[in-house]
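Colleague: pasting the structure only:
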């Protein structure tokens, strides 16, 4: 059952779903992202990751409008260490390369600095392929 988070206007800005078939958590961020919304959403995705003992996150920002630099430091210094301790190992981040959100994603990548294996993609199928490859290597002795 997907989790939907709404903003102050009642609009969904994030859906979070454990994709059991693919063994990852899928986040779909929508619209402009506030600092409070990002914190609430990032924290909310930790629950299905932990509950399902899932080390893979597919984070989709293709529908995000504008930058989210205001939350990058918190994501890198607070959320990423907690996600890593909880077992997150692979973070596939999908952005539109023309968007201002891509600049924020790059700043997050630099801030995470290897705490979690993070890669950025412009196509969701490439991100999914990377996660599947990581899963293959995790199950290979």
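Modeller: Noted; the coordinates are in hand. Fair warning: this is a prediction, and the values are worked out from it, not measured in the lab.

Colleague: pLDDT score for residue 116?
Modeller: We note a pLDDT of 88 for residue 116 in this prediction.

Colleague: same check on residue 1?
Modeller: Model confidence at residue 1, given as pLDDT, is 80.

Colleague: also the one 10 residues further on?
Modeller: In this prediction, residue 11 carries a pLDDT score of 96.

Colleague: now the one residue sitting closest to the centre of the chain: which helix or strand?
Modeller: Centroid-nearest residue in the chain, with CA atoms, centre = their mean: residue 59, separated by 3.3 Å. Per DSSP states H and E, residue 59 falls inside strand 56-65.

Colleague: ok so, going back, okay but the residue nearest to the centre of the chain is in contact with residue 93, surely?
Modeller: Yes. With contact defined as CB atoms under 8 Å, residue 59 counts as touching residue 93 (4.8 Å). To be clear about C-beta, it is placed using only N, CA and C from the backbone, and glycine gets the same treatment.

Colleague: list phi and psi for residue 15.
Modeller: Per-residue torsions, residue 15: phi -120, psi 140 (degrees, to the nearest 10).

Colleague: tell me who's in contact with it.
Modeller: Contact analysis of residue 15 by CB atoms under 8 Å, 6 or more residues apart in numbering lists 2, 3, 4, 5, 27, 28, 30.
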